[in-house]
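Participant: Have a look at this prediction, sequence included:
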Amino acid sequence: MKMNTYSGKRFDPMCMKPEDIEVADICHALSLLCRGAGQIRRFYSVAQHSINCAKEAQARNYSNRVILACLLHDSSEAYLADVIRPIKKHLTNYNAIEDKVLSNIFAHFGLTLSEEEAALWKQIDNDLLESELKELMPGAECLEPVQLCSVPDLSFRSFEEVEQEMKDMIIRLESCI
């Protein structure tokens, strides 16, 4: 079965190839997809989270490759939607599907990461998650603050603004790799 994307492409997401990837599809979908299955105080998109992750990597003086990986780390959700961590661990083959889609996305951008580089973006993702939970998730106010090198923008922003910022960042970083 084929899926339709924002850019008008049609392909089977289970047989995705790097050439199926479009920056416009990723940025548009993620800018409209709410973090935490929408169980947060206000709309905060996966794209905005990804931008914050990239800015944190930049503040830590990581390479452009790691910054781009931070920006794209949740891009599989543009094709699969967001599944929250407590559910994801029970879906027996979801992680394998997600990894395959993300591998195709990284391949599209020529992004091959070492284990150390992958560990860096995963740590930033976890750090930002903790910071976001404290601010955006009812009942999580008592969490200890996470030390970040940047100040994440958790404000309400229009999806169009976030979509464009993510698109601009991807294009800029892609030209530096």
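Facilitator: Looks like it came in fine. Being a predicted model, the structure only gives us computed values, none of them experimental. Numbers count the residues shown, from 1 in each chain.
Participant: how far away is the residue lying closest to residue 42 once chain neighbours are set aside from residue 136?
Facilitator: Ranked by CB to CB, 6 or more residues apart in numbering and with sequence neighbours excluded, the top spatial neighbour of residue 42 is residue 156, at 5.3 Å. Quick note: C-beta positions are derived from backbone N, CA and C, even for glycine. Distance of residue 156 to residue 136, computed by CB to CB, to the nearest Å: 11 Å.
Participant: do the same with residue 121
Facilitator: In terms of CB to CB, residue 121 sits 21 Å off from residue 136.
Participant: before we move on, what about residue 95?
Facilitator: Taking CB to CB, one finds residue 95 at 25 Å from residue 136.
Participant: Which of the two has more residues huddled nearby?
Facilitator: Each of residue 95 and residue 136 has its neighbours counted (other CB atoms under 10 Å); residue 136 has more, 17 against 12.
Participant: correct me, but the more buried one touches residue 39?
Facilitator: No - using CB atoms under 8 Å, residue 136 is not in contact with residue 39; the gap is 9.4 Å.
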